[in-house]
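Novice: What would the 3D arrangement of this be:
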Amino acid sequence: MPVVTTKAIVLNALKFSDTSLIVKCFTEVEGVKSYMLRGVLKSKKGKLKPAYFQPLTQLQITASHSNKNTLNSIKEAQVVYHYETIYTSIVKQSIVLFLSEILSGIIKEEEENRRLFEYLEAGLIWLDTHDSIANFHLLFLLNLTRFLGFYPDVQQGNMGFSLLEGRFTNTFIDKTTISGDELISFKKLLGINFDAIHKISFNKKERQRVLQIIIRYFELHLDGFKKPKSLSVLETVFT
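Specialist: Residues are numbered from 1 along each chain as shown. Sure, this is the predicted structure:
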């Protein structure tokens, strides 16, 4: 097995037996990889600590990667960016759990995608270092579609937006076309970055509806996409 040293973002970690974890990471150099960490939950002196493998933790790992569809192993790991506020804020923790569930389901390729990796890396650091984050998850998901190949085409029409076709339109095709107040709210997120997010004002119902629209957008464009189980928790936190 070749040994690789790479940055990695933890997507999820599942308990295996009483002592071990199966960890799924998005690595900078080889895409998604899964690892078996035997005995990590009982070892107090080992190099690998369970705390390293919380959702969306940013690591530098040295790992053995197999070319077969088997679990890999991590030899060494260290945290490359220590979150200062994510683990102390219930709101930020809820956002991270929600996003990790979505990312775990949609990032599947075992190949390098540095642009996507850098987007996730920078977005998480932004979340950790800012306070005005009520709409962060909305913009994070919408801008994520740039890397997934279905960012909204904003060139045509202005009366409605077809979630199915991913473009603005002046004709109402079916129930997947949004208009009126929903369209106004949706358009507020288009073409901006995280530093402009504080300029967006949504009330509770608007924020929930925009999130539902984005989730529906993902469902229509990603085969097998499932509505996250943590969605209800996130909505409760923002209530």
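
Novice: which intervals of the chain have sub-threshold pLDDT?
Specialist: Filtered on pLDDT under 70, the chain yields the residue ranges 1, 69, 156-157.

Novice: and it, what are its domains?
Specialist: Here the domain parsing of the chain from automatic domain parsing is 3-81, 86-237.

Novice: With mean neighbour count as added columns, please give those in JSON lines.
Specialist: Glycine gets a C-beta too; all of them are placed from N, C-alpha and C. What follows is those, written out as JSON lines (neighbours: other CB atoms under 10 Å):
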{"stretch": "domain 3-81", "mean neighbour count": "17"}
{"stretch": "domain 86-237", "mean neighbour count": "16"}
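
Novice: Let me see the ranges of the strands in this structure.
Specialist: Along the chain, counting by DSSP state E, strands occupy 3-16, 20-27, 31-37, 58-64, 73-81, 160-162, 167-169, 177-178.

Novice: Redo those strands as a markdown table? Include distance to residue 52.
Specialist: Formatted as a markdown table, these follow (distance: least, CB to CB, whole Å):
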| stretch | distance to residue 52 |
| --- | --- |
| strand 3-16 | 8 |
| strand 20-27 | 9 |
| strand 31-37 | 9 |
| strand 58-64 | 6 |
| strand 73-81 | 5 |
| strand 160-162 | 41 |
| strand 167-169 | 42 |
| strand 177-178 | 41 |
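
Novice: So for residue 150, which of those strands sits nearest?
Specialist: strand 167-169 (10.0 Å; CB to CB).

Novice: which one is residue 57 nearest to, not counting chain neighbours?
Specialist: Nearest non-adjacent residue to residue 57, counting by CB to CB, 6 or more residues apart in numbering: residue 10, 4.6 Å away.

Novice: Please tell me how far the one you found sits from residue 34.
Specialist: 11 Å (CB to CB, to the nearest Å).

Novice: joint contacts of the two?
Specialist: 23-25 (CB atoms under 8 Å, 6 or more residues apart in numbering).

Novice: quick one: which of these is nearest to residue 215?
Specialist: The closest of these to residue 215 turns out to be residue 24 (CB to CB; 21.4 Å).

Novice: Next up, the contacts around the closest one.
Specialist: For residue 24, the contact set (CB under 8 Å, 6+ apart) comprises 10-13, 32-35, 104.

Novice: got it, and residue 75?
Specialist: 3, 47, 62-64.

Novice: Going along the chain, name the helices of the protein.
Specialist: 90-106, 114-129, 136-148, 180-187, 204-221, 231-237 (DSSP state H).

Novice: out of those helices, nearest to residue 193?
Specialist: helix 136-148 (7.7 Å).
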